[in-house]
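# have a look at this prediction, sequence included:
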Amino acid sequence: MKNIILPIVIILIVVVFSFSLVFFLKPKNQTLTDLSHEIHLLGQQLEDLQARVISLEKMTEEIIEENRTLSDIPLTGDIDGDNKADIIVWRPTNGVWYILKSSTGYNHSQSLRIQWGSGALNDQPLIGDVDGDGIDDLIIWRPKNGVWYILLSSTNYNYSQALTKQWGTGHLKK
Ligand SMILES: [Ca+2]
Ligand SMILES: [Ca+2]
């Protein structure tokens, strides 16, 4: 009888130990599953972050490119009529012509500012004497409609007397 009891006791101990082991290990298995799930989520978040970094890099490149196209455009022309070139920049962001006149010795405090044209409309600034008075006129060419907008020196650059002429197009297709 003793020979039978001992194996039964051993079997019982093994069974109880196994159940205990399963019982105590179960939460650990769940924790491992949770951890695995969290690692998976972290991996997805990392991929999202990488995608955002790539998106931000692209946006930065676009902003740099935009700023490049919005930088001042340098020109020269005789606005004060002394037959000497004046130093001019046209700023696409506000469409203002900043003119340092030769007759003032290019004095910053006596610079001339005239608003004409728009960078948002991709206007192209040019200088030329259209009215033939020997003083350069402020010219804008708008690719969108191919119109030349000319602010004439003979009218003292009066907006209401500006000359407009359609010639050319910025939308030629091959
Ligand atoms: Ca001049
Ligand atoms: Ca002129």
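The structure has been received and is ready for your questions. Ligands and ions are numbered 1, 2, ... in the order given.

# for the closest residue to ligand 2 within the chain, grab the count of nearby residues.
Of all residues in the chain, Ser153 sits closest to ligand 2, with a separation of 3.7 Å (C-beta to the ion). C-beta coordinates here come from the backbone N, C-alpha and C atoms, glycine included. When neighbours are defined as other C-beta atoms under 10 Å, Ser153 has 22 of them.

# if I look at the nearest residue to it once chain neighbours are set aside, how far off is ligand 1?
Once flanking residues are discounted, Ser153 sits nearest to Ile135: 3.8 Å by C-beta to C-beta, 6 or more residues apart in numbering. From Ile135 over to ligand 1 the distance is 8 Å, taken as C-beta to the ion, to the nearest Å.

# contact partners for Ile135?
Neighbour list for Ile135: Asp78, Ile79, Asp80, Gly81, Asp129, Ser153, Ser154 [criterion: C-beta atoms under 8 Å, 6 or more residues apart in numbering].

# tell me the pLDDT at the first one?
Spelled out, that is Asp78. For Asp78, the pLDDT comes out at 98.

# got the residues of the protein near ligand 2?
By C-beta under 5 Å from the ion, the residues of the chain that approach ligand 2 are Asp129, Asp131, Asp133, Ile135, Asp137, Ser153.

# beta partners for Val147?
Arg142, Gln166 (DSSP bridges).

# and the pLDDT for it?
Confidence score, pLDDT, at Val147: 98.

# how about Thr169?
pLDDT, Thr169: 92.

# the closest residue to it other than its chain neighbours: neighbour count?
With C-beta to C-beta, 6+ apart as the criterion, Thr169 has its nearest non-adjacent residue at 4.2 Å, and that residue is Gly146. When neighbours are defined as other C-beta under 10 Å, Gly146 has 15 of them.

# contacting residues for Gly146?
Gln166, Trp167, Gly168, Thr169, Gly170.

# coming back round to it: for the residue nearest to Ser153, give me the pLDDT.
We have a pLDDT of 98 for Ile135.
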